[in-house]
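Trainee: what shape does this take:
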Amino acid sequence: KKTYRAVVRGWPADDGLIDHPLRRIVDDRHGGREDVQEAQTRFRRLERYVLPLPQGAFPTTRCALMELSPLTGRRHQLRRHMKHLSHPIIGDATHGKGPLNRDLAAMLGMQRLWLHAHALELRHPVSGETLHLEAPLGEEWELWHTHGTLEP
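Mentor: Predicted structure coming up:
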């Protein structure tokens with residue numbers, strides 16, 4: 001069981017399940033074929049921010065801190081699922097929005113993918129005991145509170 005934290009563009013729903021198959025190219029001797037794999041991610045919105053950063057016709061930028069729990073393990077699943085919801089992870093150069101990423105990096109003074117592996121639960125290979133490992137967010141995550149206004 002894996003749990004991640006991510007900051008995404010916009011204000012997604014409070015919680016939900018993304019059940020969206022993901023495609024991948026499988027290399028073979030005949031040039032490759034495309035596989036479609038089932039992929040599910042549970043999400044929960046933890047905080048909403050408004051930042052004083054104009055984007056297009058909007059005078060501010062909305063972002064949200066999310067808890068993401070993949071139920072399957074597909075390549076770039078969290079990044080691709082959040083893009084599918086039209087709430088890409090901030091700093092995602094492949095699946096995100098370049099101008100927004102650059103503007104937020106300049107405002108925060110830091111360019112990075114705002115995705116963090118927060119907790120991992122697994123069975124110990126010898127004892128069989130359930131292990132719960134947790135990595136707290138780094139202090140740079142406070143930048144969202146420093147620059148943004150928390151919204152209810």
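Trainee: my guess is Met110 contacts Leu143. True?
Mentor: Yes - checked against CB atoms under 8 Å, the pair Met110 and Leu143 is within contact range at 6.7 Å. C-betas here are computed from N, CA, C, even on glycine.
Trainee: these two: which has the busier surroundings?
Mentor: Leu143 (16 against 12; other CB atoms under 10 Å).
Trainee: chain neighbours aside, what residue packs nearest to that one?
Mentor: Leu108 (4.7 Å; CB to CB, 6 or more residues apart in numbering).
Trainee: residues contacting the one you found?
Mentor: Going by CB atoms under 8 Å, 6 or more residues apart in numbering, Leu108 touches 143-144, 147.
Trainee: what helices and strands are in contact with the strand ranked longest in the chain?
Mentor: The longest strand of the chain (DSSP state E) is strand 40-51. Counting contacts by 3 or more CB pairs under 8 Å, 6 or more residues apart in numbering; DSSP states H and E, strand 40-51 is packed against strand 15-19, strand 61-70, helix 77-84, helix 143-147, strand 149-151.
Trainee: right, and these - which one's nearest Glu134?
Mentor: Closest approach to Glu134 among those (CB to CB): strand 61-70, 12.8 Å.
Trainee: sheet-wise, list the partners of that closest one with their directions.
Mentor: Sheet pairing for strand 61-70, assigned by DSSP bridges, gives strand 2-9 (antiparallel), strand 40-51 (antiparallel).
Trainee: please identify the most buried of these.
Mentor: strand 2-9 (a mean of 21; mean count of other CB atoms under 10 Å).
Trainee: ok, Thr130 - contacts?
Mentor: Contacts of Thr130 by CB under 8 Å, 6+ apart are 121-124.
Trainee: at 7 Å what do you get?
Mentor: Residues near Thr130 by CB atoms under 7 Å, 6 or more residues apart in numbering: 121, 123.
Trainee: what's the answer for the one 4 residues further on, then?
Mentor: Applying CB under 7 Å, 6+ apart to Glu134 gives the contacts 118-119.
Trainee: that one bridge partners, please.
Mentor: With DSSP bridges as the rule, Glu134 is bridged to Ala119.
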